[in-house]
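> Take this sequence and fold it.
(one chain, ligands or ions: 1)
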Amino acid sequence: MKYRTILLFGAPGAGKGTQGKILGTIPHFYHCACGDVFRNLTIDNELGRTFLEYSSRGELVPDEPTVRLWRENIVSHQQSGRFDPNRDILLLDGIPRNPNQAEMLNDTLEVKAIFYFTCPDMEKLVERLQRRALRDNRLDDANLEVIRTRLATYESDTKPVLDFYGPQLVHTIDATQSPVIVLQDILRIISKF
Ligand code: AMP
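Residues are numbered from 1 along each chain as shown. Model (predicted):
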């Protein structure tokens with residue numbers, strides 16, 4: 001059975017995590033952020049060390065271990081009853097991160113919609129990432145060069161995921177607005193489903 005899924009899609013710093021956390025508190029929605037799954041690994045774990053190596057450069061972790069880790073994580077949440085695919089819509093944040101991952105997950109995800117958080121002002125994204133670096137203790141957002149690589153990787157590797165799914169699923173959200181207005185826009189769309 002495929003997971004009914006909404007993709008939270010957009011550049012680092014666009015606000016996907018903020019909105020995902022809020023939406024995940026609504027009954028029958030389940031928020032899963034791939035970056036959080038990686039950050040919960042420890043340094044004595046081999047994949048934890050791989051994650052540190054790639055994320056500290058602002059690069060993506062290779063697809064195969066990423067998708068494997070994500071699958072193990074969601075299955076364990078299913079087994080523990082936190083996520084029930086018969087009941088819940090999966091709000092997926094940070095995966096698939098390139099067309100190959102989308103292909104690998106095609107047998108698992110039934111993507112119902114993509115919320116595309118747009119922020120044309122790169123400097124605003126940089127500013128947001130730097131601000132949260134200290135707040136969330138995120139090394140990858142503390143260094144300007146790493147931030148630039150993260151944003152460039154998003155443009156080159158991640159944006160083509162939109163073409164994989166096609167324009168009919170995409171709902172564009174203006175991520176430059178305040179979080180409460182962004183939330184309002186999202187709820188307006190979700191309530192029509
Ligand atoms: P995020 O919190 O989504 O910005 O992710 C932080 C870092 O985790 C990224 O820069 C990547 O190094 C790694 N990462 C998270 N999700 C993925 C993914 N789906 N594929 C590859 N790397 C990922």
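> What number of residues are in the vicinity of Cys30?
No, residue 30 isn't Cys; it's Tyr. Residues lying near Tyr30 (other CB atoms under 10 Å) number 24. Yep, even glycine has a C-beta here, placed from its N, CA and C like the rest.
> which other helices and strands contact the one helix or strand in the chain whose mean pLDDT sits lowest?
For the chain, counting by mean pLDDT, DSSP states H and E, helix 122-135 ranks last in confidence among helices and strands (a mean of 92). In terms of contacts (3 or more CB pairs under 8 Å, 6 or more residues apart in numbering; DSSP states H and E), helix 122-135 is packed against helix 144-153.
> The least confident helix or strand of the chain: which residues count as buried?
Neighbour-count burial for helix 122-135 flags 125-126, 128-129, 132-133 (criterion: 16 or more other CB atoms under 10 Å).
> Tell me which residues touch Pro62, please.
Counting by CB atoms under 8 Å, 6 or more residues apart in numbering, Pro62 makes contact with 50, 54.
> Count the residues that sit near the closest residue to the ligand within the chain.
Of all residues in the chain, Gly35 sits closest to the ligand, at 2.1 Å by CB to the nearest ligand atom. By other CB under 10 Å, the residues close to Gly35 number 19.
> List the contacts of it.
Gly35 makes contact with 17, 93-94, according to CB under 8 Å, 6+ apart.
> can we see that at 6 Å?
Neighbouring residues of Gly35 by CB atoms under 6 Å, 6 or more residues apart in numbering: Gly94.
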